[in-house]
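Participant: Sequence and computational prediction follow.
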Amino acid sequence: GMDELKEFALKYKGSHRYHTGILGYAACQTRFDIKFAVQRLSECNNNPTAIAFESIGRIYKYLAGDPLRPLIFTRAPFEGSNKLTYMVTPNHEAEFIIPNGPVNFNDAELGRCLKTRNSYYCTMILVLGVIIQMKVKKSDSPMTHTTDAELEANFEGARHLIPIRALFDFMGCPITLPS
């Protein structure tokens with residue numbers, strides 16, 4: 001009843017609608033991996049249950065257990081860059097410079113689909129080091145070599161990057177450097 005909803009709102013420090021709004025914003029901005037769960041939970045906004053509130057708690061625990069993917073964009077100029085340092089071996093570190101503006105990363109492999117021998121490829125677009133768009137797709141036909149598969153992935157990534165750069169232009173944040 002109503003008393004139970006008040007108890008859950010106090011326990012979770014906000015109404016069900018409040019939390020689905022916060023999580024929905026995070027899902028749309030940087031954490032697309034929670035979109036489906038948040039959408040399903042938002043269907044309970046008019047009549048939340050104990051299970052719906054517990055599910056919100058589970059999503060927060062999932063996010064807290066994954067500190068390497070941020071929930072917000074950092075405040076940084078698009079013209080700058082960030083340095084990513086990672087361990088290659090226990091005794092060897094490597095650095096990777098990621099521009100802050102829109103960046104397109106792609107990768108492909110050759111013929112992993114056993115049924116069709118088509119290639120799978122992945123494209124990711126990052127802004128300020130945060131993934132804003134990601135797509136994994138199977139090629140329409142078998143690739144003749146790995147370069148062919150990599151070129152298809154690169155073309156697909158560029159096809160998604162062009163409207164994102166245009167959106168930055170439209171919002172008054174022109175990107176002067178190449179992506």
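Facilitator: Looks like it came in fine.

Participant: Off-centre distance for stretch 86-99?
Facilitator: 22 Å (C-alpha atoms, centre = their mean, to the nearest Å).

Participant: If you count neighbours, what's buried in that stretch?
Facilitator: Of the residues in stretch 86-99, those buried under the neighbour-count criterion (16 or more other C-beta atoms under 10 Å) are Pro99. Just so you know, the C-beta spots here come from the backbone N, C-alpha and C atoms, and that holds for glycine as well.

Participant: all helices for the protein, in order.
Facilitator: Assigned by DSSP state H, the helices in the chain fall at 2-11, 16-29, 35-42, 50-64, 146-170.

Participant: As a markdown table, those with mean neighbour count, distance to Tyr121 and mean pLDDT would be great.
Facilitator: Shown next, in a markdown table, are those (neighbours: other C-beta atoms under 10 Å; distance: least, C-beta to C-beta, whole Å; pLDDT from 0 to 100):
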| stretch | mean neighbour count | distance to Tyr121 | mean pLDDT |
| --- | --- | --- | --- |
| helix 2-11 | 12 | 44 | 78 |
| helix 16-29 | 18 | 25 | 82 |
| helix 35-42 | 16 | 22 | 86 |
| helix 50-64 | 14 | 27 | 88 |
| helix 146-170 | 15 | 4 | 89 |
